[in-house]
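Asks: take a look and give me a structure for this.
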Amino acid sequence: MENDSRRGARCWAVVVAGGRGARFGQPYNKVFHPLNGRSVLMRCLDALEASGAFEGAVLVLSGQDMPGYEALVQREGRPALVRAVAQGGATRQESVYNGLRLVPEEAEIVAIHDAARPFVASAVVRAAIESARQYGSGVPGSPVTDTIKLLDEEGSAVDTPPRERLCAVQTPQTFIRASIVEAHEKARREGWQSTDDAALYEKYIGKVRVVMLPECADNIKVTTMRDVSAFECPYRTGTGYDAHRLVAGRRLVLCGVDIPYEKWLLGHSDADVAVHALMDALLGAAGLGDIGRHFPDSDERYRGVSSLLLLDRVRGMLRDAGFRPVNADVTIVAQRPKLKDYMQDMRRNIALRLGLDETRVNVKATTTEGMGFEGEGLGISAQAAALIAREERT
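Replies: Okay, here's the model as predicted:
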């Protein structure tokens, strides 16, 4: 085939999204799962559209997934690239064939892609298409880094293929449309099954050209929930603010430390304004509301309670939601009393309650140079910032 004979050929994609993904461990199709706010399926279609290589795409879905797809469209918008939706079959091979039947005959090249590969790079898409133009086929692949053993029926190793001759193939597997349709039709007539379109092409048409690019390393397939967590940002941040009035009376407590002073902070609990701000920062980072929701001042159980005990409760809430504290920074705003001699004890208390090394906790104090309610000695306020991380659960 001449190198330029199919340059500018019309290209379509068949996006296979009909599998149940049993290893994903969820009661729904894994391509509907959100990745940082956008589903696996829509991220996949975004990536294909961003390549600028396709006139359209056929999406293959099982009948039971159609309501879920329509609900997804309502939330995330109807993808412009999808021109038709095909009914999935009993096997992946049948699903692909159903999708191929809806690709227009004038399309010369078709790329068959798994919807569970949502981050395929445009360079990989274009390279596979260019290979199909030149050689009739283009299949992305990445080098095998582990030593591979061939096993017999009893599980014993009988051969070690040379690693430099091996690769792991991916999608989009790209072909001249007429050739891959011919391969599928021959396989249907003969009852020959494969989970890989390239294998059909090899059996009925000829050698498959493998395209290996550095970007293939990022073309990961979402198979289990562990794969999802690898794509999601594990960190979240939150901020908190609290203020309490200073009145004459009992002890003043900040970050669990008794501060000698003639006034104390008025509140339902011990009014530890610094810990309250920190609790709000932690709850906010995890999307769990605020301390007023969890520890209302209308609840007598919390009258006079140590805020450090409430901080323990917040840490437990984070744990239940799948998060752990990473670091915390608290700023106390007070004209008086002077707090520098108590900073280290405050820091130690917070670190102990959050299960952190003291280097991950900071407590500092500042004045307002006489301005505002803090400067006038009417009250003390505190601000806090917190970083939390998602815990990996097995």
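Asks: residue 143 touches residue 167, doesn't it?
Replies: Yes: counting by CB atoms under 8 Å, residue 167 is a contact partner of residue 143 at 5.9 Å. Bear in mind the C-beta positions are built from the backbone N, C-alpha and C, glycine included.
Asks: neighbour count for the two, which is higher?
Replies: Set residue 143 next to residue 167 and count neighbours by other CB atoms under 10 Å: residue 167 wins out with 16 against 12.
Asks: that one and residue 116, how far apart?
Replies: 20 Å (CB to CB, to the nearest Å).
Asks: ok, now residue 269?
Replies: On the measure of CB to CB, residue 269 and residue 116 end up 49 Å apart.
Asks: ditto for residue 368
Replies: On the measure of CB to CB, residue 368 and residue 116 end up 55 Å apart.
Asks: so which of these two has more stuff around it?
Replies: Applying other CB under 10 Å to residue 368 and residue 116 shows that residue 116 carries more neighbours, namely 23 against 14.
Asks: helix, strand or coil for the more buried one?
Replies: Per DSSP: H, G, I helix; E, B strand; the rest coil, the local secondary structure of residue 116 is coil.
Asks: I figured it hits residue 30, correct?
Replies: Yes: using CB under 8 Å, residue 116 is in contact with residue 30, at 6.3 Å.
Asks: which neighbours do residue 143 and residue 167 share?
Replies: Shared contacts of residue 143 and residue 167 (CB atoms under 8 Å, 6 or more residues apart in numbering): residue 212.
Asks: got the end-to-end distance for stretch 60-68?
Replies: This stretch, stretch 60-68, spans 13 Å end to end (CA to CA, to the nearest Å).
Asks: meant to ask about stretch 18-33
Replies: 14 Å.
Asks: give the rounded mean pLDDT of that stretch.
Replies: Mean pLDDT, stretch 18-33: 74.
Asks: how many other residues sit next to residue 262?
Replies: Neighbourhood size, residue 262 [other CB under 10 Å]: 10.
Asks: who touches it in this structure?
Replies: Taking CB under 8 Å, 6+ apart as the criterion, residue 262 is in contact with residue 248.
Asks: what's the domain layout of the protein?
Replies: 11-231, 235-390 (automatic domain parsing).
Asks: roughly how far does residue 176 sit from residue 104?
Replies: Residue 176 is 14 Å from residue 104, by CB to CB.
Asks: same drill for the two, tell me which one is more crowded.
Replies: More neighbours surround residue 176 than the other of residue 176 and residue 104, with 22 against 14 (other CB under 10 Å).
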